[in-house]
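# Kindly generate the corresponding structure for this input.
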Amino acid sequence: MNRNARSALHQRRSRIGRRARATPAVEFFNVLTSPELLATTEALLPEHRERLYPPTVALSMFMRQVLEADGSCQKAVNGWAAQRAADGLSPCSVRTGGYCRARQRLPLEMVSTLTRETGRLLSQKALAPWLWRGRSVKLVDGTGISMPDTPENQALYPQPNTQAPGVGFPLARLVMVICLASGAALDMAVGPHSGKGSGELGLVRGLLEGFPPGDVMLADALYCNYFLIATLMATGVDVLFEQNGSRITDFRRGQSLGTRDHLVHWPKPAARPEWMTPEQYAHFPDELMVREVKVAHQVLVTTMLDHRKVSKDDLSALYARRWNVELDLRNLKTTTGMDVLSCQTPQMNEKQLWVHLLAYNVIRLLMAQAACNAGVDPRELSFKHTVQLWTEWVSRGLSAAKDGGRLFTLIAQCRVGNRSGRIEPRMRKRRPKPYSWLKVPRAHARRKIKMHGHDWDPK
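Down below sits the predicted model:
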């Protein structure tokens, strides 16, 4: 690198460092100014004037907002006003309009790229003991996300057709790719909950570029699909899925590798899927060789064919770790409140999704650092404990850079229990309040109450 290039790089780093130090209360942005993310963050910052809410401040407030129990914009603005007063700066308005406009000005590409980069760095820096046989295992699963009932949201994410118009809520389908070793969110795809190409298999096809050769995809029976497996095998990616219920497994056929363990050839489905062109269909092989094993009344399908290198018990133990993606989705939806989005337009809701994932990755970064210092696996640490500790930490003006040793020690103190094979009923014991269900549009219900009083029967 010549002298001019070094000087330009130094100036760029100094400039973004000054921006970070100018907002000491916004600790999230300081985490994102690590050497690895410095150039990425600088390149993605949009052109802006020095406002009350510049992009760095708006993004940091947005990230903290999604982790707070009270995730309202008013709470975020009140916190920023209080911090400015503590720093001796001039008072500012506590109206939320300026902050909401600043959130709208944040480029979606900036938030999504930072999320992918933080996930990639976390996955790459995973220690060898955290990996599975030295390989990167990526969890894949889907879930549903609700959002406010506005005409804009309904147009892009229609509510289920089982709900009456004006009663239901827009529903989106989300497919996540999560690193098994670190728990980092690597990528996501979002689409309508129903309609052509909106299923989980359709969404995951847009995420396959993030699987380099040598990776392992770990997912449930829904993803045990001939064309998905063939696509991943062609790129050097192994898979481990549960057998799809529509496929019959006969261990009397194929090449036996042991008890309930064999290699079998799957013929290409005769029916071409609607989303696939005839040229694409002809490009797929006529048959696939896969390995099927049965452990504990469960049939697993994998492309790891050598039973001497990977035994049945190894496959069973790895598939048991698939449950981590359910816990990760619970952390995102329940702990950070991502299950119900709050924005009025689909563009802002997508941006809110990426901000949730970016804040989630920052918490995973703190957990990985704490696990590295304590010599434990990051999966042994509590996500909710880390969120609670981090929000309390920054609310008191403490810094992860200056007080990181104490912070990481406290994070590593709270471990989650080893509850393998845990079984819980999917039921609620506490009864809901005895209110009738609203089965008509809210405006219609208001008119009826105004005319007939609260004794009006919605039926």
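
# Only C-alpha atoms from now on, for both contacts and neighbour counts.
Will do.

# and Val293, how many neighbours does it have?
Burial of Val293 is recorded as 25 neighbouring residues (other C-alpha atoms under 10 Å).

# and it, that one's in a strand?
Yes - secondary structure of Val293 (DSSP: H, G, I helix; E, B strand; the rest coil): part of a strand.

# partner residues bridging it?
In this entry, Val293 is beta-bridged to Asp261, Leu300, by DSSP bridges.

# Once you drop chain neighbours, what's closest to Pro278?
Nearest residue to Pro278 in three dimensions, chain neighbours excluded: Arg272, at 7.7 Å (C-alpha to C-alpha, 6 or more residues apart in numbering).

# hey, where'd the helices end up in the stretch 151-300 of the chain?
Counting by DSSP state H, counting those that start in this stretch, the stretch 151-300 of the chain has helices at residues 151-156, 200-204, 226-234, 278-283.

# do you know which of those helices lies nearest His454?
For His454, the closest of those is helix 151-156, at 27.9 Å, according to C-alpha to C-alpha.

# Who are the packing partners of that closest one?
Packing partners of helix 151-156 (3 or more C-alpha pairs under 8 Å, 6 or more residues apart in numbering; DSSP states H and E): helix 346-374.

# quick revisit: and the gap between the residue nearest to Pro278 and Ala221?
21 Å (C-alpha to C-alpha, to the nearest Å).

# With Thr336 instead?
Where Ala221 is concerned, Thr336 sits at a distance of 27 Å (C-alpha to C-alpha).

# And Gly453, by the same measure?
Taking C-alpha to C-alpha, one finds Gly453 at 52 Å from Ala221.

# between the two, who's got more neighbours?
A direct count of neighbours by other C-alpha under 10 Å for Gly453 and Ala221 places Ala221 higher, at 16 against 11.

# mind showing which ranges of the stretch 351-459 of the chain have poor pLDDT?
401, 419-421, 456-459 (pLDDT under 70).

# now the helices for it?
Shown for the stretch 351-459 of the chain, the helices assigned by DSSP H, counting those that start in this stretch span residues 383-395, 404-413, 442-452.

# can I get these in a markdown table with distance to Leu52 and mean neighbour count?
What follows is these, written out as a markdown table (distance: least, C-alpha to C-alpha, whole Å; neighbours: other C-alpha atoms under 10 Å):
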| stretch | distance to Leu52 | mean neighbour count |
| --- | --- | --- |
| helix 383-395 | 20 | 17 |
| helix 404-413 | 29 | 17 |
| helix 442-452 | 37 | 12 |
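
# what about the stretch 101-250 of the chain, any weak spots by pLDDT?
197.

# name the element Ala317 belongs to?
helix 312-320 (DSSP states H and E).

# what is the rounded mean pLDDT of the helix or strand just after that helix?
Sequence order places helix 323-330 as the next helix or strand after helix 312-320, per DSSP H and E. For helix 323-330, mean pLDDT rounds to 95.

# relative to helix 383-395, how tilted is helix 323-330?
If you take axes from the mean of the first three to the mean of the last three C-alpha atoms, to 10 degrees, helix 323-330 sits at 40 degrees to helix 383-395.

# OK, contacts around Ala128?
When contacts are counted by C-alpha atoms under 8 Å, 6 or more residues apart in numbering, Ala128 touches Gly134.

# try it again with 10 Å
Gly134, Arg135, Ser136, Ala181 (C-alpha atoms under 10 Å, 6 or more residues apart in numbering).

# where along the chain do the strands fall?
Here the chain has its strands, by DSSP state E, at 137-146, 171-179, 185-192, 216-219, 238-242, 255-258, 261-267, 287-295, 298-302.
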